[in-house]
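In: the following comprises the amino acid sequence and a computationally predicted model.
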Amino acid sequence: MGYDQLFEKYSFFFQLEKLNSVEIREQAKCLQDIYADDLGSSFPNECVHFKSHIKNLKVDERPKNIQQMLIFIKNNDFFEMYPYIVIALRMLLCTPCSNCSTERSFSALKRVKSYLRSNIKEERLNALAILNIKNDITTKLNYNHVINNFATRQARRRF
């Protein structure tokens with residue numbers, strides 16, 4: 001339900017080419033009212049201008065999703081032309097599409113910080129949690145270089 005409401009707020013970005021200027025301005029105004037501290041009063045006009053900018057591109061050059069829109073603005077250095085669109089697109093992209101990854105992160109943290117490791121400092125705990133969460137990457141790493149480098153060091157701790 002929450003994700004449906006989020007999609008409803010930003011839905012006009014997915015239909016820029018199909019909606020007319022009045023509809024875009026209305027929906028952008030609704031989004032601007034919700035995020036009044038982040039999106040300025042020129043946001044609806046930016047959206048209409050952005051729509052006309054996209055319509056003037058060749059069909060194969062038009063951005064097809066939110067990420068491509070942001071990349072298009074970045075590649076063409078349009079940050080100053082569309083500052084509030086950049087903010088709105090970044091807010092949408094930073095909103096997780098599901099809460100599963102967050103729940104997995106807390107589950108991994110519970111495994112890493114057990115009773116026996118309750119004295120771990122925050123920096124080390126964060127590093128261990130990231131290694132545990134991104135285990136699909138860490139399992140592919142080749143540790144032989146690190147082990148050999150450690151083994152060839154001359155300095156050892158003396159007890």
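Out: Looks like it arrived, so ask away. Being a predicted model, the structure only gives us computed values, none of them experimental.

In: distance-wise, check the residue nearest the centre of the chain relative to Lys29.
Out: In the chain, the centroid-proximal residue (Cα atoms, centre = their mean) is Cys94; its distance is 3.6 Å. To Lys29, Cys94 is 22 Å away according to Cβ to Cβ, to the nearest Å. For every residue, glycine as well, the C-beta is placed using N, CA and C.

In: can you say which helix or strand has Gln32 in it?
Out: Element membership for Gln32, per DSSP states H and E: helix 21-34.

In: which strands or helices does that helix pack on?
Out: On a contact count with 3 or more Cβ pairs under 8 Å, 6 or more residues apart in numbering; DSSP states H and E, helix 21-34 meets helix 2-14, helix 43-55.

In: show me the contact partners of the helix or strand that the last one is followed by.
Out: Proceeding C-terminally, helix 43-55 gives way to helix 66-75 as the next helix or strand, assigned by DSSP H and E. Residues lying outside helix 66-75 but in contact with it, judged by Cβ atoms under 8 Å, 6 or more residues apart in numbering, are 10, 13-14, 63, 78-79, 82, 85-86, 89-90, 92-93.

In: Ile54: which of those residues is nearest?
Out: Among the contacts of helix 66-75, Pro63 lies closest to Ile54 (Cβ to Cβ), at 6.8 Å.

In: got the contact list for the closest one?
Out: Pro63 neighbours (Cβ under 8 Å, 6+ apart): 54, 69, 71-72.

In: who wins for neighbours among the residues you listed?
Out: Among the contacts of Pro63, Met69 has the most neighbours (other Cβ atoms under 10 Å), with 23 neighbours.

In: mind pulling up the pLDDT for that one?
Out: Met69 is assigned 88 on the pLDDT scale.

In: next: Ile87.
Out: 90.

In: buried residues, the one helix or strand it maps to. List them.
Out: According to DSSP H and E, Ile87 maps onto helix 83-94. The neighbour-count check on helix 83-94 (16 or more other Cβ atoms under 10 Å) flags 83-86, 88-89, 91-92 as buried.

In: what about Leu6, how many residues nearby?
Out: 15.

In: isn't it up against Thr95?
Out: Yes - the pair Leu6 / Thr95 is scored as a contact, 6.2 Å apart, by Cβ atoms under 8 Å.

In: just name the closest of the contacts of helix 66-75 to Pro44, please.
Out: Of the contacts of helix 66-75, the one sitting nearest to Pro44 (Cβ to Cβ) turns out to be Ile85, at 10.5 Å.
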